[in-house]
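**Student:** Sequence plus predicted model, see below.
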Amino acid sequence: QTAMLREIVNLIDKIRSDPTLFSPMAMGRNNVRCTRCFSPRFRYIQTLVTDLLRRDPVAAYVDLKRTIRHEEIYIKNEVGECKYCTAYYVENVLKRILKMMESLAMIRLIKDQLKGYHVGDRSIYQKIFKPSIRPNFMLTRLMAEFPPDAEEIDSYKVPGDIKVTILKIPGKVRYLYHALPPELTLNEDEFTVLDMARQVMAAHRPESSELLDPENMRQTFYDISRDLISEFSMRENISITQARLKVLAEILTRETTGFGILEVVLSDEKAQDFSINPPPGESPVFIYHADYEDTESNIIPTKEEVESWSARMRMISGRPLDQANPILDTSITLPHAHARVCAVTKTLSPYGLGFSIRRHRDKPWTLPLFIKVRMLNSLAAGFISFLVDGARTMLVCGTRGSGKSSLLGAILVEIMRRVRIITIEDTLELPTVSLRKIGYNILSMKVGSSLGGESTSELSPADGIRASLRLGDSALILGEVRSL
């Protein structure tokens, strides 16, 4: 879109610097006899190029075509020297400029859609420009409107009053995953109050101790957000209902202490894998959807946004992410999702930060659920349960995305609750929190990752296993550890 505007600037400069187009001598064949024609013709070209083409390119194109049509009618009906002078002016000035204008990408896009167009009607530009927009308290850019030729395939809502629409676009190999968060549906008063509250919230920098307990930290900031928004709305004499106050507080919490737009897409249980490629700001988030597989989203994270994500992940995990340690493997827990994250940066990724995010299921898998979705039959599930009951050693292996962690989580549920369970992982993925909530005696241990060669205070996986032997008689679950 910027390139189209740059084309117009270059065309204006080209015409103005060409003496055969933009000079009194170029306005007629005989400058002695047709002096009376030069001045009005020169003024017309000057106004067309320096004013109308800059201000309203479509109007300039239409006006030039109409002028050529009127001049050709005059040539057809006129006799004498003026006829030849005007023909020279039309062929060597007007039509040359028209040809240049028709080469513009903007004109090519709408050339066949000008029937019934009136000069000054700027709605035509809605067919040319589709801006990526963001409120002033967001870092991420979003394509708010549907592409003009898109076909709606599916539409649903996810937690947080977020509307998701799946679109099919002719000529595209992927579906478009279009998310519309509530941030883009606020009115002007709500924008004003949110921005005022954000400036106050942004002054606080969370300590690492606060990030260790994200649930309590988030609730604290949510309460502060509600108070700030309520205070500023009263100060500005803006009426906000309790329902809207809750929505605004959730938005402010997400955009200041949370992961922003990342939380929006992770709220969708059908969105399973996310790819955010470097360099930031140049490509959208790619999403693997449970129903529509590989999709391209309308979300374009900026450099500031991805740097904010990486900073939070470093604090949460306690692991480095820099040129000496260019890989970070960790997990994040959000109000509506839990996900595993692998972040890469320079020198491994020459163009900067990139992320691969896998969303975990909201509720842990169980063997009956595997039977329900036909991943296992009842005989295989019964055999696995029989092996667990017999306290046998088991190995779960497979390729990336084959369901290893999901199956291991389902096997955990088969262990009797009287048995103590110790899990060892380099990235916390097993549903230990859910199992603890339903009464399991479970101890989760986190060991260092071999990826990136981090020199941190974390124990190695081998040391973690040796430590587990001193923790009593337990069922030992070794999660996805990539080195020993």
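**Tutor:** Nice, I can see it. Numbers count the residues shown, from 1 in each chain.
**Student:** need the contact list for the residue nearest to the spatial centre of the chain.
**Tutor:** Central residue of the chain (Cα atoms, centre = their mean): residue 299, 1.9 Å from the mean position. Contact analysis of residue 299 by Cβ atoms under 8 Å, 6 or more residues apart in numbering lists 140-142, 179, 261, 264-265, 284-285. Bear in mind the C-beta positions are built from the backbone N, C-alpha and C, glycine included.
**Student:** With residue 112 instead?
**Tutor:** With contact set as Cβ under 8 Å, 6+ apart, residue 112 has no partners.
**Student:** mind checking the SS state of it?
**Tutor:** Three-state assignment for residue 112 (DSSP: H, G, I helix; E, B strand; the rest coil): helix.
**Student:** Quick check: it vs residue 58, distance?
**Tutor:** For residue 112, the distance to residue 58 equals 13 Å [Cβ to Cβ, to the nearest Å].
**Student:** Same check on residue 76?
**Tutor:** From residue 76 to residue 58 the distance is 28 Å (Cβ to Cβ).
**Student:** In terms of neighbours, single out the busier of those two.
**Tutor:** residue 58 (26 against 8; other Cβ atoms under 10 Å).
**Student:** Confirm that the more buried one sits in a helix.
**Tutor:** Yes: if the criterion is three-state DSSP, then residue 58 is within a helix.
**Student:** which ones are touching it?
**Tutor:** The contact partners of residue 58, taken as Cβ under 8 Å, 6+ apart, are 106-107, 110, 114, 117, 124-125.
**Student:** got a winner among those residues for most neighbours?
**Tutor:** Neighbour counts for these, by other Cβ under 10 Å, peak at residue 107, which reaches 22 neighbours.
**Student:** Which element, helix or strand, includes it?
**Tutor:** According to DSSP states H and E, residue 107 maps onto helix 105-110.
**Student:** what does that helix rub up against?
**Tutor:** By Cβ under 8 Å, 6+ apart, the residues outside helix 105-110 that reach it are 3-4, 7-8, 57-58, 61, 101-102, 124, 127-128.
**Student:** Closest one of the contacts of residue 299 to residue 384?
**Tutor:** Of all the contacts of residue 299, residue 265 has the smallest distance to residue 384: 33.3 Å, by Cβ to Cβ.
**Student:** Am I right that the closest one is in a helix?
**Tutor:** Yes: counting by three-state DSSP, one finds residue 265 located in a helix.
**Student:** about what we covered before: could you export the contacts of residue 58 as a markdown table, including distance to residue 462 and pLDDT?
**Tutor:** Below are those laid out as a markdown table (distance: Cβ to Cβ, whole Å; pLDDT from 0 to 100):
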| residue | distance to residue 462 | pLDDT |
| --- | --- | --- |
| 106 | 64 | 92 |
| 107 | 68 | 92 |
| 110 | 66 | 87 |
| 114 | 73 | 85 |
| 117 | 74 | 83 |
| 124 | 68 | 86 |
| 125 | 64 | 85 |
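**Student:** So of those, which two are at opposite extremes in space?
**Tutor:** So, the contacts of residue 58 by Cβ to Cβ: farthest apart are 106 and 117, at 13.9 Å.
**Student:** for the record, mean pLDDT for stretch 271-282?
**Tutor:** For stretch 271-282, the mean pLDDT works out to 90.
**Student:** go on, stretch 243-252?
**Tutor:** 89.
**Student:** Same question for stretch 470-477.
**Tutor:** Averaging pLDDT along stretch 470-477 gives 81.
**Student:** What residues sit buried inside it?
**Tutor:** Applying a neighbour-count criterion of 16 or more other Cβ atoms under 10 Å, one finds 474-477 buried in stretch 470-477.
**Student:** Now the terminal residues of that stretch, how far apart.
**Tutor:** Distance between the two ends of stretch 470-477: 15 Å, counting by Cα to Cα, to the nearest Å.
**Student:** pLDDT check: weakest of the contacts of helix 105-110?
**Tutor:** residue 127 (77).
**Student:** List the residues that contact the residue lying closest to residue 367 once chain neighbours are set aside.
**Tutor:** Closest residue to residue 367 apart from its sequence neighbours, by Cβ to Cβ, 6 or more residues apart in numbering: residue 381 at 4.2 Å. By Cβ under 8 Å, 6+ apart, the contact list for residue 381 reads 367-368, 370-371.
**Student:** Within the helices and strands, which one has residue 381?
**Tutor:** For residue 381, the host element (DSSP H and E) is helix 378-389.
**Student:** Can you tell me which helices and strands the helix or strand following that helix packs against?
**Tutor:** Remark: after helix 378-389, the chain's next helix or strand is helix 404-414, criterion DSSP H and E. Identification of packing neighbours for helix 404-414 by 3 or more Cβ pairs under 8 Å, 6 or more residues apart in numbering; DSSP states H and E yields helix 367-372, helix 378-389.
**Student:** I figured residue 222 hits residue 249, correct?
**Tutor:** Yes: here residue 222 reaches residue 249: they are 5.6 Å apart, a contact under Cβ atoms under 8 Å.
**Student:** Alright, calling it a day.
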